[in-house]
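> give me the fold of what follows.
(one chain, ligands or ions: 2)
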Amino acid sequence: MAVQISPSILSADFARLADEAARVEGVADWLHVDVMDYHFVPNLTLGLPVVEALLKATSTPIDCHLMIDDPDRWAPGYAEAGAASVTIHAEAAKAAVRTLRTIRAAGARAGLALNPATAVDGYEDLLPEIDMLLVMTVEPGFGGQRFLDMVLPKVSRARSLIDKHGGQVWLQVDGGVSDETIERCAEAGADVFVAGNAVYGADDPAAAVRALRALAENA
Ligand SMILES: O=C(CO)[C@@H](O)[C@H](O)COP(=O)(O)O
Ligand SMILES: [Fe+2]
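Residues are numbered from 1 along each chain as shown. Ligands and ions are numbered 1, 2, ... in the order given. From the prediction side, this is the model:
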């Protein structure tokens with residue numbers, strides 16, 4: 001699968017989201033939107049009304065990462081609104097299969113996210129139900145954190161399990177992905193790379209996306 005880059009607007013200027021989205025339009029494959037609820041993670045960001053506004057403001061497909069309690073209740077709404085990808089956390093979902101199927105039925109790609117301490121082996125049975133597996137490479141909740149090298153063996157393990165099942169599932173890494181860490185992620189088998197600080201902390205976000213893509217492609 002070709003390398004895909006998904007800049008996270010968590011590191012963008014929340015007062016100018018449409019402009020910030022425009023800075024990577026035509027260059028980024030996705031726009032990663034981190035939804036946080038002060039419960040699943042100790043931070044609060046934005047919800048469905050802001051995602052609906054962003055969908056009107058950009059042509060870049062939106063990749064929603066839901067760090068919320070009760071994703072079974074809230075995730076389908078993001079897919080119905082037009083998000084192209086909706087990812088729920090394995091640690092938060094109580095009816096993961098039903099929710100993932102509802103996301104797909106609404107026309108979005110269904111993603112499952114794993115915190116750094118959550119083993120991938122327990123979720124092998126869910127691979128046929130998902131389009132993307134997200135392996136968190138920081139504790140979820142904040143942008144700009146240091147990449148956790150200890151998660152790389154899990155990325156490799158996830159790649160093996162995905163390949164064993166036919167390789168249809170995209171493997172995303174999220175957290176601390178930068179020009180210093182993206183090659184290691186690609187070598188471990190990731191193909192979708194979220195980058196917040198490395199893109200929106202740069203003077204030229206579009207150039208940062210191009211540079212990250214080149215590094216991942218050449219790894
Ligand atoms: O989901 C999250 C954080 O919980 C991420 O999407 C971050 O927004 C990535 O930001 P950087 O670590 O790349 O700055
Ligand atoms: Fe994220």
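
> next, count neighbours for the closest residue to ligand 1 within the chain.
The chain approaches ligand 1 most closely through Gly196 (2.7 Å), counting by CB to the nearest ligand atom. Bear in mind the C-beta positions are built from the backbone N, C-alpha and C, glycine included. Gly196 has 25 neighbours, counted by other CB atoms under 10 Å.

> residue contacts, it?
Residues in contact with Gly196 (CB atoms under 8 Å, 6 or more residues apart in numbering) are Pro7, Ser8, Ile9, Leu10, Ser11, His32, Gly143, Gly144.

> can you put those in CSV and add neighbour count and secondary structure?
CSV is the format used below for these (neighbours: other CB atoms under 10 Å; DSSP: H, G, I helix; E, B strand; the rest coil):
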residue, neighbour count, secondary structure
Pro7, 32, strand
Ser8, 24, strand
Ile9, 25, helix
Leu10, 22, helix
Ser11, 20, helix
His32, 27, strand
Gly143, 22, coil
Gly144, 14, coil
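
> also within reach of ligand 1: list those from those.
By CB under 6 Å from any ligand atom, the members of those lying near ligand 1 are Ser8, Leu10, Ser11, His32, Gly143, Gly144.

> could you dump these into TSV with distance to Cys185 and pLDDT added?
Output for the ones next to ligand 1 among the contacts of Gly196, formatted as TSV (distance: CB to CB, whole Å; pLDDT from 0 to 100):
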residue	distance to Cys185	pLDDT
Ser8	15	98
Leu10	18	98
Ser11	18	97
His32	15	98
Gly143	17	97
Gly144	17	96
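
> about what we covered before: from the contacts of Gly196, pick the one nearest Ala211.
Relative to Ala211, the closest of these is Pro7; by CB to CB it sits at 12.3 Å.

> so stretch 11-28, near ligand 2 or not?
No - Stretch 11-28 does not reach ligand 2 (CB under 5 Å from the ion); its nearest approach is 10.5 Å.

> any idea how far that stretch is from the chain center?
Centre-to-centre, stretch 11-28 and its host chain are 16 Å apart (CA atoms, centre = their mean, to the nearest Å).

> buried residues, that stretch. List them.
Residues of stretch 11-28 classed as buried by neighbour count (16 or more other CB atoms under 10 Å): Ser11, Ala12, Leu17, Glu20, Ala21, Ala22, Arg23, Val24, Val27, Ala28.

> kindly report the same for stretch 43-62.
Using 16+ other CB under 10 Å as the test for burial, stretch 43-62 gives Thr45, Leu46, Gly47, Val51, Leu54, Leu55, Ala57, Thr58, Thr60, Pro61, Ile62.

> ditto for stretch 163-180
Going by neighbour count (16+ other CB under 10 Å), the buried part of stretch 163-180 is Val169, Trp170, Leu171, Gln172, Val173, Asp174, Gly175, Gly176, Val177, Ser178.

> burial measure for His89, as a count.
25.

> quick one: it and Ala113 touch, right?
Yes - judged on CB atoms under 8 Å, His89 makes contact with Ala113 at a distance of 4.7 Å.

> what parts of the protein come near ligand 2?
Taking CB under 5 Å from the ion as the contact definition, the chain meets ligand 2 at Asp34, His65, Asp174.
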